[in-house]
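S.K.: coordinates only, sequence not included:
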């Protein structure tokens, strides 16, 4: 009837579109984008990206062959003569076997690196590339909790890691399925309730890497983001130490101090803000469990939900689970009406201080909100190296040493029970061992360990010890006390 | 034994009651087509709203709850209310015509399938009007879909609505299995069956085996949501991974349920417009069967990031890659069909060729996901969105549009405008590629799926803007289709019986076909029997002389009685119906029945009752029993009317 | 190859000759295909039961509650009903209407006895503290056996319908196919029960509290 309606140039044009699109994909590669899977910063993402490109180029080849054949056939065999009937071909067994076998070979070529990759990446972090940092990541609706069991540090939405060291992340979830994905470091692995998973990566360069939940998890899924912050080893150790260091005290009557009181009244049931304390780690784990159980027991009306840990909050770069810069202005907006920044937070849906008002904004004055914000933004580790140890007079050197031991927080990390290791080694019986560690005498060894903790490390421990500058006589008092520990 | 009738048996051939009580496969096919096309528009509008929302960073056009409802319903609609029933429209229209039968095996069951589908789809979408549309994704992952985390009614609508739809699909699947196995015209052996009919058969088997698995998952979630059981209650040990296994054990065969009919359609269009038989019929059919079989062993590739362990992941990676082989065979055979042909570029052919081109792209990105380490970066990103739209839009929908252009003249008796058709095709192809090609890039650039918005600095804005523009160009293409339908209906350019120089039996009868399809049941001697009837001189060339002397089978009726004329040979009742036809005297077709409609209403009311009050369930059960008993005691054909009122 | 053999002549229930491509009647093919579908249905529920074996967090556990002797009796009853079904069909096909009717109603009665056992069992378990909401065992047990019970109920209703038809004479030798279909269904449901009985009552009956879970102490 009207079979020459379509000039073949149209057909060519139409089929060129996908070809151009494929070229566009690879040409537009912009690794600088925050979540580009081509912006590799570690071996896992690189291996995955390399394998993708390997398959991609094979696919491009197949694409050109197939689409080329389609276009060629369409043009070459377009109808020129209405009366001519082409040869009625039945098929061609040889040809058909060929295009069964050849793709099979191509598939086998792709399968080999695939299988190798699967086993490599599921084996866990390599053990020959430095100490492995163990982290536990727990997905919550809609934020990420990060626990460092060996450092006894707990934080949220920003995971700090050392550059160049393998990191093993145990992935878990209590509520729904989430997925842990930092495209530049490693492909995603899901956080499935009752089914813990593992992902590992090495961050090769310092930097802030964007991550995002990649499994649909409900209303605020789009706003469930996080960051991995990779530091040089020393900065990482400082960060860890800071997480175990109390903040500076606030002056009575200051906005921060008032904010602290308000926080304690309205927020603290769900948000722990002092996990720097001794034993705080295990306590926080228990508390998160009990918050979860409380919520589960009365899902609709619970006033308690699982919530991010706020220790050293002012060190965070972002708020609302990685979605807005952590500025005072944003924080005030967030506290006043979380919906304004992130729709659907559990905080707004459950916390009494929001539920008291019909519009679900916070039931506090503007000034009170500002005080809370000021308090949170003042939560940072006190600078211990600038601290002077309290002057302790009277008593024996051992008694003065004991007071000092507690007041500067040595007991936060060093257990007084031979069976328990908190962070550093237990100090029970140290006097007997100290002389055998190095060539130094017991006294000198202990003095060196206090003044320069990194000089000698007991096997199995890293240096994360922070000590204020102590005058020599106080060091002597400490040594006198420590020597009595049996 | 006769169940008391409340209404007289419908007889009217016109008006709404003739549609409600029809058991004619062609009319039911039309009902499927019209209904699912309307849902296609609804699903498309849902998609466009999402595209507008995503065209800019930090957009606040819609809130996340609405967005979640939109993508859940877009997916659910396009899978269950569009591609599946549109395929069913083709099954209904074509299978009896292609195998030389007068109807499907169970015409009333066929009507029942449609009405259940219609009411189920209305039930599902009713949720929009109460502001509580499903919001847990078309995959309904537990425990996010569990009542603890999703206390609104949306997912309950979803569970019950899909279960209703599942019954419709299974009933239709059973019907077509029996029809294809048992109702073929004499001489039509399995190896002479048109490929579309073959693919319908494979699809029907998949439907019948896969849908019950979905039903199980849905029942489990339903009793969890409504009655507090623990299948997916993690607090009681219910395992979220089990949901994924059960869902995808259904879900992957479902993918082939969506694509195999499209492959069948393309396999009919390409030979006609290439004027050449399908290249490698046997390989192509076996590849289709192989895909249907292998489709059962690849489901865990939807779960590569769930942590099933390296052994399971390796096994499913290999099985998934392996399924590319029969798919490749099909693609090469289609190209082989065009090769050496005499290709006429009608709209239908352009859609069919585009299908091969687009489906190839979807297949290639599919191999990329099959590689587990690569998938770790792609899973749940826009790369996957691009992949399956290349398969399901570039594939299934393109083929279905091709099929519509191809068989429209047969179904209506008049032509669609080719000019408008080509415009329709071009806009759809360009819009489609503009929308989905960049989404590959978005995924590789780290954009997850199912996010209602994204931040400015992610680098995704421009690409999303192109994609959204593409969506509107596609919509414009669909608009041209609608214009074409209206324009052509006014113009009514007569099609003739065989406008394309067709190859299969449907082209041997008038357009539109008479009620009874075939005045005389044909005897089939060859593949593409109609083509070789027109061109007997080509038989030897095609068969390499092997079968040149083949004889036609003796004529014979192929009806079973079960749902058909009670007494095939009795002449007495021949004048009961179809009196208005010049031809077809003595051909018995089943009488119309309103019981399928009533049964479907009862079933839907039960569904509504599950969500509300027990008395509603009781009402539904009563209506259902009325339909069931009335149906089972209603003869297929009433005896000659004796004082019984004639329905209008 | 001549294709004359592509259709088979069979007789329908009215004794008329009809042609099908396979030689089986449409209805029978439909029933077989449906049973294939139902295999997937029960298979998925049985698989769920097996996956959740030993994963209940609280009692009662199967060993605390299942009583194999009682259920063995009801299983025997159901097996006997299949025998009755065979006899019923055979007599109807032979045109021995009265005997056929008797055996159809025997199936109905035996099926009903099985259902009464199930009702008793469900009540008994509820008294012992096991409901679908108690634990995973309760959930999987009740839903699986309950859906099987629903299948049996449907079969009983269907056979009652056919039984009355047989009494009235509308079910007779010619259309014995209708009874044959019900028979296929009934045997299938029976076989499914044997699998369920094996899985729940034989394989998992000794399952106790998994390590670390509290043993069930009863109420």
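M.R.: Received the coordinates, thanks. Predicted, not measured: the structure shown is a model, and the values here were computed from it. Numbering: from 1, shown residues only, chains lettered A, B, ... in the order given.
S.K.: For residue B:272, grab the count of nearby residues.
M.R.: Using other C-beta atoms under 10 Å in any protein chain shown, residue B:272 has 23 other residues around it. From N, CA and C alone the C-beta is placed, and that goes for glycine too.
S.K.: Just to be sure, it is in a helix?
M.R.: Yes. Under DSSP: H, G, I helix; E, B strand; the rest coil, residue B:272 sits within a helix.
S.K.: quick one, what contacts it?
M.R.: Contacts for residue B:272 (C-beta atoms under 8 Å, 6 or more residues apart in numbering or on different chains) come out as B:406, B:500, B:501, B:502, B:503.
S.K.: Put together CSV for those residues, with distance to chain A on each row.
M.R.: As requested, the contacts of residue B:272 are arranged in CSV below (distance: C-beta to the nearest C-beta, whole Å):
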residue, distance to chain A
B:406, 14
B:500, 9
B:501, 9
B:502, 14
B:503, 11
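S.K.: Export those residues to a markdown table and append columns for secondary structure.
M.R.: Listed next are the contacts of residue B:272 as a markdown table, based on three-state DSSP:
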| residue | secondary structure |
| --- | --- |
| B:406 | helix |
| B:500 | coil |
| B:501 | coil |
| B:502 | coil |
| B:503 | coil |
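S.K.: quick one: is the host helix or strand of residue C:34 near chain A?
M.R.: Using DSSP states H and E, residue C:34 falls within helix C:26-51. No. Contact of helix C:26-51 with chain A is not found when judged by C-beta under 8 Å from any C-beta of the partner chain; the minimum separation is 12.4 Å.
S.K.: which intervals of chain B have sub-threshold pLDDT?
M.R.: B:1-3, B:544-586, B:639-648 (pLDDT under 70).
S.K.: One more pass at 50, please.
M.R.: B:1, B:545-582, B:642-648 (pLDDT under 50).
S.K.: again with chain C
M.R.: If you take pLDDT under 50 as the line, chain C has these spans: C:1-6.
S.K.: Could you measure from whatever residue of it ends up closest to chain A over to residue B:130?
M.R.: The nearest approach of chain C to chain A comes at residue C:55, 9.4 Å away (C-beta to the nearest C-beta). Taking C-beta to C-beta, to the nearest Å as the measure, residue C:55 falls 37 Å from residue B:130.
S.K.: Neighbour count: these two, which is higher?
M.R.: A direct count of neighbours by other C-beta under 10 Å for residue C:55 and residue B:130 places residue C:55 higher, at 19 against 11.
S.K.: show me what contacts the closest residue to that one other than its chain neighbours?
M.R.: In this structure, residue C:55 finds its nearest non-sequential neighbour in residue B:237, 5.0 Å apart by C-beta to C-beta, 6 or more residues apart in numbering or on different chains. Residues in contact with residue B:237, defined by C-beta under 8 Å, 6+ apart, are A:194, B:230, C:52, C:55, C:56, C:57, C:135, C:136.
S.K.: ok, now how distant is the nearest residue to residue A:122 once chain neighbours are set aside from residue A:220?
M.R.: Ranked by C-beta to C-beta, 6+ apart and with sequence neighbours excluded, the top spatial neighbour of residue A:122 is residue B:310, at 4.4 Å. As judged by C-beta to C-beta, residue B:310 and residue A:220 stand 33 Å apart.
S.K.: Settle it for me: which of the two has more neighbours?
M.R.: residue A:220 (22 against 17).
S.K.: Residue A:342 is in contact with that one, correct?
M.R.: Yes. Taking C-beta atoms under 8 Å as the definition, residue A:220 is a contact partner of residue A:342 at 5.7 Å.
S.K.: okay, and the common contacts of the two?
M.R.: A:142, A:321.
S.K.: Can you tell me the element residue A:145 falls in?
M.R.: strand A:143-148.
S.K.: how about low-confidence regions in chain A?
M.R.: A:1-3.
S.K.: Can you tell me which residue sits nearest the middle of it?
M.R.: In chain A, the C-alpha nearest the mean C-alpha coordinate belongs to residue A:159, at 3.3 Å (C-alpha atoms, centre = their mean).
S.K.: Chain C now?
M.R.: Most central in chain C (C-alpha atoms, centre = their mean) works out to residue C:189, at 2.1 Å.
S.K.: which residues does that one contact?
M.R.: Residue C:189 touches C:148, C:151, C:152, C:155, counting by C-beta under 8 Å, 6+ apart.
S.K.: before we move on, back to that, was I right about the residue nearest to residue A:122 contacting residue A:116?
M.R.: No. Judged on C-beta under 8 Å, residue B:310 makes no contact with residue A:116 at a distance of 10.5 Å.
S.K.: what's the spacing between the closest residue to residue C:52 other than its chain neighbours and residue B:241?
M.R.: Nearest residue to residue C:52, sequence neighbours excluded (C-beta to C-beta, 6+ apart): residue C:136, at 4.5 Å. The gap separating residue C:136 from residue B:241 is 14 Å, by C-beta to C-beta.
S.K.: neighbour count winner among these two?
M.R.: residue C:136 (25 against 19).
S.K.: my guess is that one meets residue C:55, correct?
M.R.: Yes. With contacts counted by C-beta under 8 Å, residue C:136 reaches residue C:55, the gap being 5.4 Å.
S.K.: burial measure for residue B:89, as a count.
M.R.: For residue B:89, using other C-beta under 10 Å, the count is 27.
S.K.: Over to residue B:496?
M.R.: There are 14 residues near residue B:496, going by other C-beta under 10 Å.
S.K.: In contact with it, which residues?
M.R.: Applying C-beta under 8 Å, 6+ apart, the residues contacting residue B:496 are B:409, B:511.
S.K.: now residue C:123
M.R.: Residue C:123 neighbours (C-beta under 8 Å, 6+ apart): none.
S.K.: Wait, a helix at it?
M.R.: Yes. Counting by three-state DSSP, residue C:123 is part of a helix.
S.K.: so what's residue B:144 closest to, chain neighbours aside?
M.R.: residue A:176 (4.2 Å).
S.K.: Equivalent analysis for residue A:310, please.
M.R.: Per C-beta to C-beta, 6+ apart, closest to residue A:310 is residue A:273, 4.3 Å.
S.K.: Strands along chain C, start to end?
M.R.: C:8-11, C:17-20 (DSSP state E).
S.K.: Same question for chain A.
M.R.: Under DSSP E, chain A gives strands at A:133-140, A:143-148, A:153-156, A:158-162, A:166-173, A:178-182, A:186-191, A:197-202, A:207-212, A:225-231, A:318-319, A:324-325.
S.K.: do the stretch 501-648 of chain B as well
M.R.: Under the criterion DSSP state E, counting those that start in this stretch, the stretch 501-648 of chain B carries no strands.
S.K.: what does it put close to chain A?
M.R.: B:535, B:538, B:541, B:542, B:543, B:544.
S.K.: List only those of those residues flagged as buried.
M.R.: Neighbour-count burial (16 or more other C-beta atoms under 10 Å in any protein chain shown) applied to those gives B:535, B:538, B:541, B:542, B:543.
S.K.: what sits against the first one?
M.R.: Each residue near residue B:535 by C-beta under 8 Å, 6+ apart is listed here: residue A:85.
S.K.: ok, so what distance separates it from residue B:509?
M.R.: 18 Å.
S.K.: Kindly report the same for the fourth one.
M.R.: Residue B:542 sits 23 Å away from residue B:509 when distances are taken as C-beta to C-beta.
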